[in-house]
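> fold the following, please.
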Amino acid sequence: MNLGNAWLWFAAAVVYAFLYIPLVIVVVYSFNDSKLNAEWVGFTLFWYQALFNNNEMLTAARNSLIIAVSASFGATVLGTMAGLAIHRYKLKVLPILVFTPVAMPEILLGVSLLLFFLQVLNLTLGMISIIIAHTTFCIGFVAIIVRARLQGMDESIFEAARDLGASPWQTFRLVTLPLIMPAVVAGALMSFTLSIDDFVITFFTKGVGEPILPIQIYTMIKVAVTPEVNAISTLLMLLTLVMIIIAARLESRAPSSEVEILHEKSRK
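Residues are numbered from 1 along each chain as shown. Take a look at the predicted model:
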């Protein structure tokens, strides 16, 4: 190993240590038998038991899951349509309209949505406003992933499907959708992840009422970072890891080419 490669490995190790050591500390201290969480005292599962007996935290987690599932579903449907439209029609205004919420600072997006809900729609802030806000924020991410998938495809396969008499809906259902399914699943999982732990947009569009998990965690750490906070953070990390594994397995099982799609359809 030459000197250049050694420095490269050292820099990579430093970067990964900076990223993952704090996460490891959060996981380890979620089992710490101490209320102060300032030093390691001993191993315990008490904080997970306390977490599952905390009705307010469970309600916040339930509300966040409802919001994340609803927002990811809406964003996946609309984002897939937007990605298809951007790829097919080549209008310069479409990428601007779809990708602007992605590039816009979250605090600006949160304030603008707050004003829109209150002054234009006269909507009472709550679960519905958060779902709409999160859907708006996540559409661009799904569209980017779907568009990238479409750009790597051979357009002749869609023309062949139309030449063989397939309607636009049949072409989409039997050819386009199976090919872009890995991107659709990846976009849905990304939307879910972005929604369930979003704080800024949720803070501006929440209103007064049901607790939401990121806001609840923020309220708890105002006093101190207790092992209970570490416990819920560990569970969130575990949920994210499981979703990544599922996405990877789905992508590995997905048809890898247009030829494979046609071969599967011909066998059926």
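> what segments of the chain are helices?
All helices of the chain, identified by DSSP state H, fall at 3-29, 46-52, 55-89, 93-103, 106-115, 127-151, 156-163, 168-171, 177-196, 200-205, 213-221, 227-253, 258-267.
> where does pLDDT dip in this structure?
Within the chain, the segments meeting pLDDT under 70 span 1-4, 38, 154, 224-225, 247-268.
> contacts only, for the closest residue to Glu56 other than its chain neighbours.
The spatial neighbour of Glu56 that comes closest, neighbours along the chain excluded (CB to CB, 6 or more residues apart in numbering), is Pro211 at 5.9 Å. Where you see a C-beta, it was placed from the backbone N, CA and C, and this is true even at glycine. Residues near Pro211 by CB atoms under 8 Å, 6 or more residues apart in numbering: Glu56, Thr59, Ala60, Asn63.
> Val27 versus Pro211, what's the distance?
Taking CB to CB, to the nearest Å as the measure, Pro211 falls 24 Å from Val27.
> over to Ala161?
Taken as CB to CB, the span from Ala161 to Val27 is 49 Å.
> likewise Thr205?
Look at Thr205 and Val27: by CB to CB, they are 31 Å apart.
> same deal with Gln119?
Relative to Val27, and taking CB to CB, Gln119 is found at 44 Å.
> then Ile128?
35 Å.
> look up phi and psi at the residue nearest to Glu56.
phi -70, psi 150 (degrees, to the nearest 10).
> wait, Leu78 sits on Thr135?
Yes - between Leu78 and Thr135 a contact is recorded at 7.2 Å, counting by CB atoms under 8 Å.
> these two: which has the busier surroundings?
More neighbours surround Thr135 than the other of Leu78 and Thr135, with 22 against 17 (other CB atoms under 10 Å).
> any idea how far Val26 is from the more buried one?
Distance from Thr135 to Val26, by CB to CB: 29 Å.
> got a list of what the closest residue to Leu177 other than its chain neighbours touches?
Nearest residue to Leu177 in three dimensions, chain neighbours excluded: Val184, at 7.7 Å (CB to CB, 6+ apart). Contact partners of Val184, counting by CB under 8 Å, 6+ apart, are Thr76, Thr80, Val142, Val146, Leu177.
> could you give me the PyMOL selection string for whichever of these are buried?
To isolate the buried subset of these in PyMOL, counting by 16 or more other CB atoms under 10 Å, use the following:
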select buried, resi 76+80+142+146
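> let me know the closest of the contacts of Val184 to Val200.
Val142 (19.8 Å; CB to CB).
> verify the stated contact: that closest one with Thr80.
Yes - at 6.3 Å, Val142 and Thr80 qualify as touching, with contact defined as CB under 8 Å.
> joint contacts of those two?
Between them, Val142 and Thr80 share the contacting residues Val184, Gly187, judged by CB under 8 Å, 6+ apart.
> so what's the closest residue to Thr76 other than its chain neighbours up against?
The shortest distance from Thr76 to any residue other than its chain neighbours is 4.3 Å, reached at Ala188 (CB to CB, 6+ apart). Counting by CB under 8 Å, 6+ apart, Ala188 touches Ser72, Phe73, Ala75, Thr76, Val142.
> how many residues are close by the second one?
Residue crowding around Phe73 was assessed by other CB under 10 Å; the count is 15.
> ok, now the third one?
Other residues near Ala75 number 28, with proximity taken as other CB under 10 Å.
> show me the contacts for the residue nearest to it when sequence neighbours are not counted.
In space, and not counting its chain neighbours, Ala75 is closest to Cys138: 3.6 Å by CB to CB, 6+ apart. Applying CB under 8 Å, 6+ apart, one finds that Cys138 lies in contact with Ala71, Ser72, Ala75, Gly79, Met190, Ser191, Leu194, Ser195.
> kindly reformat those residues as CSV containing distance to Thr44.
Output for those, formatted as CSV (distance: CB to CB, whole Å):
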residue, distance to Thr44
Ala71, 35
Ser72, 35
Ala75, 39
Gly79, 43
Met190, 35
Ser191, 36
Leu194, 33
Ser195, 32
